[in-house]
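Participant: following is a predicted model, sequence given first.
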Amino acid sequence: MTIALWQYVPLLHGSVMAVQDYQLKRPSAWVGVDNFAEVLFDQNWWCAVYNSLRYSLLVLSLTFLPPIVLAVLLQEVPRGKLVFRTIYYLPAVITGIVTVLLWKLFYEPSERGALNAVMLKIPASGFLLVGLVLFGVAVAFARRLWLQHLRWTSWAFVGAGVLALVASGRMAAPILLLPGESWAEAWPQMLSRLLARPAEPYRWLTDPSTAMVACVIPMVWAGMGPGCLIYLAALRGIPDDFYEAADLDGATFIDKILFVVFPTIRPLAIINFVGAFIASWYASTGDILVMTGGGANTEVAGLYVWYKAFTFLKFGPATAAAWMLGSMLIGFTVHQLRILARVEFRTAGEKT
Amino acid sequence: MAIISAIGRRALRVRLLIAMIYVLLVLGAVTMLYPLGLMIAGSNKSPVDTPDPKLIPPFLVNETALYQKFVEGLFNESLDALRTTSNIHVRSFAFVARQPWHDRYVLNLDGFYKIQFLQNRYGRTIENYNQTHGTRHACWNTVCLERTLPTAPDRTEAERSDWIEFARGVLNAFWIRASPEATPAYQAFLRAKYGDIAVFNRNYGTTYRSFEEIPLIVVPPSEGIGRSDWDSFIAGWKDPDTGQIHQIAAEHLRIDSIAFRYRDFLQQRYGSLTALNTALGTRFANWMEIQPPQQDFHYMAFRKNQRWLRWEFATRNYIAVFDYVVRHGRALFNTALDCGLLITLSLLVNPLAAYALSRYRLPSTYKVLLFLMLTMAFPPIVSQIPVFLMPRELYESAQIDGASEFRMFWQLTMSLSKPILAVIALNAFTAAYSNFMYALLICQDNRMWTLMPWLYQLQQASSQGVIFASLLVASVPTLLLFIFCQRIIMRGIVVPVEK
């Protein structure tokens, strides 16, 4: 009853609004598909959808792996598990809107902004080093996979490593190469430039190239803790015999991660993945609203709907857009439900 | 330690691996904690020390920083007030440093004359002033406000006209006194204004018999008709009938200020400048350099109360936040109500629904689940699932023992599900507590707002220190909850595993 009242009735009302020219104070006129047409032919709408896609991919790629990595690390550490677990969970204690507001303060675009104060101290070689390390790790994983004849996965890992390298290169490029210079001209000073720091403070929220990443970072920061708790619980469910058996077969650390941990986590990961994908389309509206208000090319689809509805007061087109959003994602929702139906659930147990 | 087995732990490779793991974890921990540290440190700050990125607020350990904060608080964050009072030309409160007491201090009128009047007119540099006035001051400190019209031969016409304009027009007439020679002019002014002595007596409530009896005002009243007449007399009053301007002559103007009285007092006590210098160990060149030691009094007060000041600065942002929250709307009550209701509801509805769905394998179960989950897309419903886990044999054996439906629900299901119920309660609390958008959107009346919208409101209108303090205050409940319920959370998490 409650669900019907609070979820379905507004849904039906909304669908009626979608085919009307809805006015708050006057009786509404029926305009049929005009609202849908208005949204479909709006350039801003497709920009918003593209931004949502960008945001989703960024969020998924950045928030997905760290909790898994963290869970593995926390499990392996001989001492201080509880301490580290608490520390990593602390950012999540600051709930939702508060995290976004906190990071908004950190993103101040001058030298004194907290994040800039840190970033401006990292030399160009620092960026490149991080990229190289990530590349190295990816190649190590790829090598173990190659030895097991899993060619495609191996190439996928190499690809990921290359991506990391390219990203770090792009970060270091403005320092190594002044605008307008070619590589030949910059080559002699490369050694000193490697130790040079970024010249200008980053304008996080107003620069289109960093704004989207800036919106994602707080999610990563706050998502590590709770995310890793779930994976930790899952990891505990793996009996030690599996690892011993793998050891007997001559597995290295990376092998054990690839062939014991990943398969166990797979159902959880898939569910989380689809869920996170869907959530990144809907739930990001509030956060991006507070962070950038949609400026600097960060207006996502949810925000487009919000603005259309509550700023321009065009409820008809707004509900039409919301329906289109929902129907775009309905495929993923059904997919997730099917997976959920197939898996078997177990509790994490009492071991601490 | 599962992946890295207990055997072979001493090998170098394994040791290196464990070391790397530690390094990574510590780096990550620093990234997690550094923003929190900044937030905690920042919550104590006020505009003077906000730009300082240290993790420990400097005023707790550094006396100069504490003094700067004290001065900032004293002048209520107004740099103009500081400059006018103490003639320190600083760009911000962060540059205030402790001056030794025998150096310069300036009190209100002198500083006011120099900074608000002269510098506004002639610019900040002394060279400009020298140029326009034909004087040869080495720095602003030798420029001073005279008590009477500067008639000494080394004073230029420009300085005189400045003084006259300042005394007549800019300075509050409360500080102006007149020499007794001005009495006839004053009486003439009053006669021109009131005409008849009876009218004057009526306005002033006095009983003079003629205008010649009216004494010159010694100390101007602070308000009333006497004061406004005095203002007109000083500035100049034009008779509407004759067009004649009645005004106190410039030579009769005297400026009275605390500084002058202080110099009079010192002159009375010590007689001459050299005696004063000997007695106090100072090196004043002339009387006009002496100013009442305001800064010293402040510094003495500061020295005596350092501990209290530190405590005050550390807590005043938090007090402001609490004050705001308690005073506006019913934030605390609404938040408590909201969270309590949501927790109760979810603890009521979820277990019952899950019990019903799992116990009775109806064909419509899947449809019902679909109905529920379609609109949620992302199921925190995993919390409900655990009831599916209870083996049917358990229920059947309970039924054989004669348990009623309710008993089975309560004693069997609920007691076995305690950890999961805790997770449900926790999720409900977090959702209700951090719900910002709905509270903002749905509650038109801000008496219904929970804590979050109020804090958002507070942040629109506060300095960074108060913003951080409010963020911290908002995080405290969730933190407490997490600390106390960590074990339960870990036990209650449900993990899907491939069949």
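Facilitator: Looks like it came in fine.
Participant: around chain B, pick out the residues from the stretch 1-150 of chain A.
Facilitator: Residues of the stretch 1-150 of chain A found near chain B (Cβ under 8 Å from any Cβ of the partner chain) are A:2-3, A:7-8, A:11, A:70, A:72-78, A:84-91, A:93-98, A:101-103, A:105-106, A:112, A:114, A:117-118. All C-beta atoms are positioned from the backbone trio N, CA, C, and that covers glycine.
Participant: mind checking which of the residues you listed are buried?
Facilitator: Buried subset of the residues of the stretch 1-150 of chain A next to chain B (neighbour count, 16 or more other Cβ atoms under 10 Å in any protein chain shown): A:3, A:11, A:70, A:72-77, A:84-85, A:87-91, A:93-98, A:101-103, A:105-106, A:114, A:117.
Participant: so where do the strands sit in the stretch 201-350 of chain A?
Facilitator: In the stretch 201-350 of chain A, the strands defined using DSSP state E, counting those that start in this stretch lie at A:344-347.
Participant: give the residue spans of it that score low on pLDDT.
Facilitator: The model of the stretch 201-350 of chain A has pLDDT under 70 over residues A:340-350.
Participant: by contact count, what packs against the host helix or strand of B:Ala198?
Facilitator: According to DSSP states H and E, B:Ala198 maps onto helix B:197-204. Applying 3 or more Cβ pairs under 8 Å, 6 or more residues apart in numbering or on different chains; DSSP states H and E, one finds that helix B:197-204 contacts helix B:183-194, helix B:225-235.
Participant: for chain A, what is the nearest residue in the stretch 101-250 of chain B?
Facilitator: Residue nearest to chain A within the stretch 101-250 of chain B: B:Arg124 (26.1 Å; Cβ to the nearest Cβ).
Participant: helix, strand, or coil at that residue?
Facilitator: Counting by DSSP: H, G, I helix; E, B strand; the rest coil, the backbone at B:Arg124 sits in coil.
Participant: what is the longest helix of the chain by residue count?
Facilitator: With no chain named, the answer covers chain A. For chain A, the longest helix by residue count, based on DSSP state H, is helix A:43-76.
Participant: nope, chain B please
Facilitator: helix B:12-42.
Participant: just how off-centre is that one within its chain?
Facilitator: Centroid separation for helix B:12-42 versus its chain: 35 Å, with Cα atoms, centre = their mean, to the nearest Å.
Participant: so which bits of it are buried?
Facilitator: B:17-18, B:21-22, B:25, B:28-29, B:32-33, B:35-36, B:38-42.
Participant: check stretch B:173-191 too.
Facilitator: Buried-residue list, stretch B:173-191, by 16+ other Cβ under 10 Å: B:173, B:175-178, B:182-183, B:185-187, B:189-191.
Participant: equivalent analysis for stretch A:295-315, please.
Facilitator: In stretch A:295-315, counting by 16+ other Cβ under 10 Å, buried: A:296, A:298-309, A:314-315.
Participant: how near is A:Gln336 to chain B?
Facilitator: 7 Å (Cβ to the nearest Cβ, to the nearest Å).
Participant: that residue reaches A:Ile278, doesn't it?
Facilitator: Yes: counting by Cβ atoms under 8 Å, A:Ile278 is a contact partner of A:Gln336 at 7.2 Å.
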